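Participant: okay, predicted coordinates and the sequence, questions at the end:
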Amino acid sequence: MESDKSSSQIIRKTLTPVLSVVLIDMIAFGMVIPLLPLFAERFKVSPVYIGLLFSCYSLLQLLASPVLGAASDRIGRKPILVLSLLGTSIGFLITALASSYWMLLLGRCVDGLTGGNIATANSYIADVTEPRNRATSYALMGAMFGVGLTLGPLIGGLFARWSATAPFFFATVISGANALYVWACLVEPSARITSTSSFSSFFRSGRWPALQRLLMGNFIFLLGCAIYQVMLALFTQWRYDFDSKDNAYLFGFLGVIIIVGQGACFPILKRLLSVRELLSVGILFTAGGLILMSFSASAAMLLSGVAVSSLGLSFAMPLISMLVSIGAGAEELGSLFGLNQSTGSFARLVGPVIGGELFSWRPAATMWVSGIMILLSWILFSRYMKHPLISTKI
């Protein structure tokens, strides 16, 4: 018992720097993403062009993530994290200095090209934790997402009162400081195995049929999330006349629910329910909340939908990360997480464009179409978990 406690404390100490990385990164993300659609409107562009800002980021992340993931297997997690965070800082700086829509687009492209930080953080956690403890570790990482998404919009809203560009300048500073912190404090995991394999190893392995279902399920799930998250600020502005400050508080509320869900509810439900059952609850809550939002007739009903969907996300996301981590050998973790992030990037590439078209056609459709997509993803996740090489690890 004493040994287990000591081991747990060592792992927690090892995870602290990477969890801090996620926290600061999500504060910066949470500050600017709710404001970016409204910031872009100053250049008199349509919702489709606003969606393109997010799509270009995702396109370059789609291309770069597998390369960055494989590089983290070969040269280490730490250098790739530093590179990614510096790219984020430079991207935010270009955005802050933008004098035209095309400069905004350039800033998002720079950020996307170096966007391997979350995939690398996922790989790092898998390096230093046992498979049986990964869901809990990913829930802790998810809680950092929630804290970041809570503090970020609130800080962004405060800075937005000063000037429209102040949130982007502050995000530049904290992202750069985050890179320096990683360089100074993060310890490269000793358990990481240098990879000599290529992506073709996935296609040749007996796990590939299962991995196809996982990656496609994650794509559909994140496609629904991308439409919802990018269009939420425009949806609330259209239906409830929310301004930047209102949306900052709304995203902060979303983050609080994720913190409560992953910090308090998830550990309890994980002991009571199987992985399959808890993932089912998470997906049903996420989809149900989005559909409720699409039919909301009051701000209270909107907040109820946001609460339910955010609670569902707090259950589903750590379990999806855990399912990814058991789908690869130790020497392929970075590659698989990079490949998985690329599928997510592709979802975020097409999601904002689809969302922009849906919003132009019928604004409420951005919410209920997202909910339907998330429901469909469950079919593929379920089939993945039934695969003989995966079911024994759950």
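Facilitator: Sure, I can see it. Residues are numbered from 1 along each chain as shown.

Participant: which stretches of the stretch 51-200 of the chain have low pLDDT?
Facilitator: Residues of the stretch 51-200 of the chain meeting the criterion pLDDT under 70: 190-200.

Participant: residue boundaries of the strands in it?
Facilitator: Counting by DSSP state E, counting those that start in this stretch, the stretch 51-200 of the chain has no strands to list.

Participant: and stretch 117-133, how far from the chain's centre?
Facilitator: How far stretch 117-133 lies from its chain's middle: 15 Å, per C-alpha atoms, centre = their mean, to the nearest Å.

Participant: residues of it that come out buried?
Facilitator: By neighbour count on 16 or more other C-beta atoms under 10 Å, the buried set for stretch 117-133 is 117-129. C-beta: built from backbone N, CA, C; applies to glycine.

Participant: what's the answer for stretch 212-222, then?
Facilitator: For stretch 212-222, by 16+ other C-beta under 10 Å, it's 213, 214, 215, 216, 217, 218, 219, 220, 221, 222.

Participant: of those residues, closest to residue 283?
Facilitator: Of all those, the one with the least separation from residue 283 (C-beta to C-beta) is residue 221, at 7.6 Å.

Participant: quick check: which element contains the closest one?
Facilitator: helix 208-240 (DSSP states H and E).

Participant: can you show me the helices along the stretch 251-394 of the chain?
Facilitator: For the stretch 251-394 of the chain, helices defined by DSSP state H, counting those that start in this stretch occupy the ranges 266-272, 275-294, 299-325, 333-361, 365-386, 388-391.

Participant: for residue 183, find the nearest of the ones you listed.
Facilitator: helix 333-361 (18.8 Å).

Participant: quick one: contacts for residue 311?
Facilitator: Residues counted as contacts of residue 311 (C-beta atoms under 8 Å, 6 or more residues apart in numbering) are 257, 258, 260, 261, 265, 285, 289.

Participant: check residue 89 too.
Facilitator: Contacts of residue 89 by C-beta under 8 Å, 6+ apart are 172, 173, 175, 176, 178, 179.

Participant: show me which of these is closest to residue 42.
Facilitator: Within the contacts of residue 89, proximity to residue 42 (C-beta to C-beta) peaks at residue 172, which comes in at 19.0 Å.

Participant: ok, residue 391 touching residue 382?
Facilitator: No - using C-beta atoms under 8 Å, residue 391 is not in contact with residue 382; the gap is 11.0 Å.

Participant: chain center to stretch 135-149, what's the gap?
Facilitator: 10 Å.

Participant: alpha carbons of it, as CSV, please.
Facilitator: Output in CSV follows, covering the C-alpha atoms of stretch 135-149 (Å, rounded to 0.1, in the frame of the first residue of the first chain):
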residue,chain,number,x,y,z
ALA,A,135,-8.5,7.0,-18.1
THR,A,136,-8.0,8.8,-14.7
SER,A,137,-4.9,10.6,-16.0
TYR,A,138,-6.8,11.7,-19.1
ALA,A,139,-9.7,12.9,-16.9
LEU,A,140,-7.2,15.0,-15.0
MET,A,141,-5.9,16.4,-18.3
GLY,A,142,-9.6,17.0,-19.2
ALA,A,143,-10.1,18.9,-16.0
MET,A,144,-7.2,21.2,-17.0
PHE,A,145,-9.1,21.7,-20.3
GLY,A,146,-12.1,22.7,-18.2
VAL,A,147,-10.1,25.1,-16.0
GLY,A,148,-8.5,26.7,-19.0
LEU,A,149,-11.9,27.0,-20.8
